[in-house]
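Novice: Pasted the sequence and its predicted model underneath.
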Amino acid sequence: MLEGTWRGSFEIEDQADQPNKLSSPPIHVYFGCRHANHDYLYKEELEELYQEKQLISQLNVAISRPTTEGSKKQYVQDLLSDKTMDLIVHQDASVYICGDGNHMAKDVQAKLVELLAKAKSGVDDPEGYLRKMKEQQRFVMDIWS
């Protein structure tokens, strides 16, 4: 699971055209920005990796300042769900968060703790679980303020 503008995962793009395609677990990307028309960094690359090369299993995009009438404000943490927790808890998914450390990263981490606390996840100590993920380098943050 990836979130933000972290670009390290694009190394898989170079391997996509090799005869023996990269064998990796599913990659779920959660990308958030304010304005889709000028803040959606790497839009073409992400969509190509998702739609054409099928290296990204799921591309989730949140726009917090939508310009399309009828569209509602959405943040990355709004996209996280029990399915996300299943990936993290039962499939040992890694989480990479990149972006604003003052709000976004804190809000995403708080949402993960909230979802981990739900009975379905089977996690007794959600904050401890995230600490352990950090120790295992399964929860990495590249944030700024």
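Specialist: Here it is on my side, so go on.

Novice: who's in contact with Ser64?
Specialist: Gly32, Cys33, Arg34, Lys73, Gln74, Tyr75 (Cβ atoms under 8 Å, 6 or more residues apart in numbering). Every residue, glycine included, has its C-beta placed from N, CA and C.

Novice: hmm, try it at 10 Å
Specialist: By Cβ atoms under 10 Å, 6 or more residues apart in numbering, the contact list for Ser64 reads 32-36, 39, 72-76, 78, 104.

Novice: quick one: which of the residues you listed has the most company?
Specialist: With neighbours taken as other Cβ atoms under 10 Å, the top of the contacts of Ser64 is Gly32, carrying 25 neighbours.

Novice: I'd assumed Asn60 was in contact with it.
Specialist: Yes. Gly32 is within contact range of Asn60, at 8.9 Å (criterion: Cβ atoms under 10 Å).

Novice: re the thing from before, where helices are concerned, which of the contacts of Ser64 count?
Specialist: Judged by DSSP state H, the subset of the contacts of Ser64 located in helices is Ala36, Asp39, Val76, Asp78, Met104.

Novice: Secondary structure class of Glu47, three-state.
Specialist: Three-state call for Glu47 (DSSP: H, G, I helix; E, B strand; the rest coil): helix.

Novice: contacting residues for Val61?
Specialist: 29-33, 36, 40, 43, 46-47, 74, 76, 79.

Novice: Dump the residues you listed to a markdown table, plus distance to Pro126 and pLDDT.
Specialist: Shown next, in a markdown table, are the contacts of Val61 (distance: Cβ to Cβ, whole Å; pLDDT from 0 to 100):
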| residue | distance to Pro126 | pLDDT |
| --- | --- | --- |
| Val29 | 23 | 93 |
| Tyr30 | 19 | 93 |
| Phe31 | 24 | 92 |
| Gly32 | 22 | 92 |
| Cys33 | 27 | 93 |
| Ala36 | 32 | 92 |
| Tyr40 | 31 | 92 |
| Lys43 | 33 | 94 |
| Leu46 | 29 | 93 |
| Glu47 | 33 | 95 |
| Gln74 | 23 | 96 |
| Val76 | 18 | 95 |
| Leu79 | 19 | 96 |
